[in-house]
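# need a structure here:
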Amino acid sequence: MDDGLAAGDDDGLTADLDNLIPALTPLLWNVARAAGLSREDAEDAVQTAWTSLISHLDTIRTPGALKAWLITTTQREAWRVAAVARRQQPADHEWLMTIPDPLGGADERALEAEEQRALWRALRTLSPRCQQLLRIVAFVPRPDYDLVADWLGMSRGSVGPTRGRCLDKLRLALRAEGGSQ
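Sure thing, here's the model as predicted:
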C-alpha cells in the first residue's frame, strides 16, 4: 500500500484520500484509544487528524511520511483531549460517591470526639502511674517493657499485670461515666 498522496490535480487528491481514509482510520483510531480516550473521543481525535491533514497538505513534502505524520497528529490530539477531560472532570461524578470519606460523616466525627473526651475524662480518674502506663501502651506500638519498667520505677515482671489492672480500672471508670468499653 502506498502511504503517500500523489501530486497532481484535485481529482487525483480526492481519489487518494478516498483510498487512504478507510485504510488508515483503523490504525489512527487504535492510536487514539491507546491514549486512553473513550470511543467517542477517539473518533473525534481521528476526525481532527484527518481535518488537519487536509488543511496542511501543502506542507507535506514527503508523501512516504504521511502515515507517520497522521499517527503523530492523532496521538497529540488524543493527548490534548485526554488532558482537557482530566481538567474538566466534574466533581459530581458517580465514581466519587463510591470513595469513602476517611473522616466519616459529621455525625460519626461528633460521636467519635465525644467518645474520646469520655475516655480522657475516665483516664484522668486513674492514678498518675496508671495514666502514664496506659499512655505508653496506647501510643507506642510495641513498648519495650524493660524501658517502661525503668521509667515507671517498677520491675519488668509487674508491667503486664499492672497494665491489666489499669485497663480494668479504666473500663470501670468508662462504665461509671456511661461511655463505651
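# The longest helix along the chain: which residues count as buried?
Ranked by residue count, the top helix of the chain under DSSP state H comes out as helix 10-34. Judged by neighbour count using 16 or more other CB atoms under 10 Å, the buried positions of helix 10-34 are Asp16, Leu20, Leu24, Thr25, Leu28, Trp29, Val31, Ala32, Arg33. For glycine as for every other residue, the C-beta is placed from the backbone atoms N, C-alpha and C.
# need the helix or strand of this protein with the lowest average pLDDT.
Lowest mean confidence among the helices and strands of the chain (mean pLDDT, DSSP states H and E): helix 94-97, at a mean of 66.
# quick one: the helices in the chain?
Counting by DSSP H, the helices of the chain are 10-34, 39-56, 66-87, 94-97, 106-124, 128-139, 145-152, 156-177.
# what angle separates the third one from helix 10-34?
The directions of helix 66-87 and helix 10-34 differ by 40 degrees, with axes from the mean of the first three to the mean of the last three CA atoms, to 10 degrees as the criterion.
# Give the other helices and strands that helix 66-87 contacts.
helix 10-34, helix 39-56 (3 or more CB pairs under 8 Å, 6 or more residues apart in numbering; DSSP states H and E).
# The first one now?
Packed against helix 10-34, as judged by 3+ CB pairs under 8 Å, 6+ apart, are the following elements: helix 39-56, helix 66-87.
# Which one of these has the poorest average confidence?
Mean pLDDT is lowest for helix 66-87 among the helices and strands packed on helix 10-34, at a mean of 88.
# what residues are up against the closest residue to Ala85 other than its chain neighbours?
Once flanking residues are discounted, Ala85 sits nearest to Asp41: 7.1 Å by CB to CB, 6 or more residues apart in numbering. Neighbour list for Asp41: Ala32, Ala78, Val81, Ala82, Ala85 [criterion: CB atoms under 8 Å, 6 or more residues apart in numbering].
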